[in-house]
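Undergrad: let's see this in three dimensions:
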Amino acid sequence: LAAVGLAGPLRAQDSLRIAAIVNDDVISQFDLAVRTRMVIVSSRLEDTPEIRRRLTRQVLRSLIDERLKMQEAKRLGIVVNNADIETQIADIAKQNNMTQPEFEAVLERNGILRQTLAEQVRAEIAWVIVVQRRLRPSIVIGDDEIDEALAGIADNQGKPEYRLSEIFLATDTPGQEDQVQQTAERLSEEVRQGADFAAVA
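TA: Sure thing, here's the model as predicted:
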């Protein structure tokens, strides 16, 4: 039934086909379809076969990265509390000017499984903990750095400030440059047409 709720791109018999294997962890076509739908809805893009085709490779790569992060977190014995996931989901609802029940109703109406969002949030929280454990012991902030930062704040007080955001697209190999350029142009066009910048990022 869940596969039917995804606007038709995935047949029920295909839902358990394998999209990727990350070490011993399987990403199914169903996982990929639901996450792609979530990206389309959150980015306010039109759900068309062409949009899905363009997004699928990027979404799959994101899912692979997510599974790798979770595997590393598991290796380090990191467990994310369900309460932390619920808090994060409540914050996402608040950012969208909704109560949590309203937000979850929107997910359901759009064929997005709540578990899909929860797993993405779990991976994000776990990776933050991994990075903190790895980097925090090696960070030493000296008094001179603090003084320099405070002086910079004082020098800039009262001056105009600008908040800039960017989407950085990396290339793993030189052969990917054309594809990444096409992706950059497509994302730029989507933002110009009204897609939410943060969601596209």
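Undergrad: what is the longest helix along the chain packed up against?
TA: Here the longest helix in the chain is taken by residue count, with DSSP state H as the criterion, and it is helix 49-75. Counting contacts by 3 or more C-beta pairs under 8 Å, 6 or more residues apart in numbering; DSSP states H and E, the secondary-structure elements packed against helix 49-75 are strand 18-22, strand 25-28, helix 29-42, helix 114-135. C-beta here means a position set from N, CA and C on the backbone, and glycine is covered the same way.
Undergrad: closest one to residue 96 among these?
TA: Ranking the helices and strands packed on helix 49-75 by distance to residue 96, with C-beta to C-beta as the measure, places helix 29-42 first at 9.1 Å.
Undergrad: what angle do that closest one and strand 18-22 make?
TA: Helix 29-42 and strand 18-22 are oriented at 100 degrees to each other (axes from the mean of the first three to the mean of the last three C-alpha atoms, to 10 degrees).
Undergrad: can you show me the CA trace of helix 29-42 as PDB?
TA: Listed next in PDB are the C-alpha coordinates belonging to helix 29-42 (Å, rounded to 0.1, in the frame of the first residue of the first chain):
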ATOM      1  CA  GLN A  29      14.200   0.700  -4.500                       C
ATOM      2  CA  PHE A  30      11.400   1.500  -2.000                       C
ATOM      3  CA  ASP A  31      13.900   3.400   0.300                       C
ATOM      4  CA  LEU A  32      15.100   5.300  -2.700                       C
ATOM      5  CA  ALA A  33      11.600   6.200  -4.000                       C
ATOM      6  CA  VAL A  34      10.400   7.400  -0.600                       C
ATOM      7  CA  ARG A  35      13.400   9.500   0.000                       C
ATOM      8  CA  THR A  36      13.200  11.000  -3.400                       C
ATOM      9  CA  ARG A  37       9.600  11.900  -2.800                       C
ATOM     10  CA  MET A  38      10.600  13.500   0.500                       C
ATOM     11  CA  VAL A  39      13.200  15.600  -1.300                       C
ATOM     12  CA  ILE A  40      10.700  16.700  -4.000                       C
ATOM     13  CA  VAL A  41       8.000  17.700  -1.400                       C
ATOM     14  CA  SER A  42      10.500  19.600   0.900                       C
END
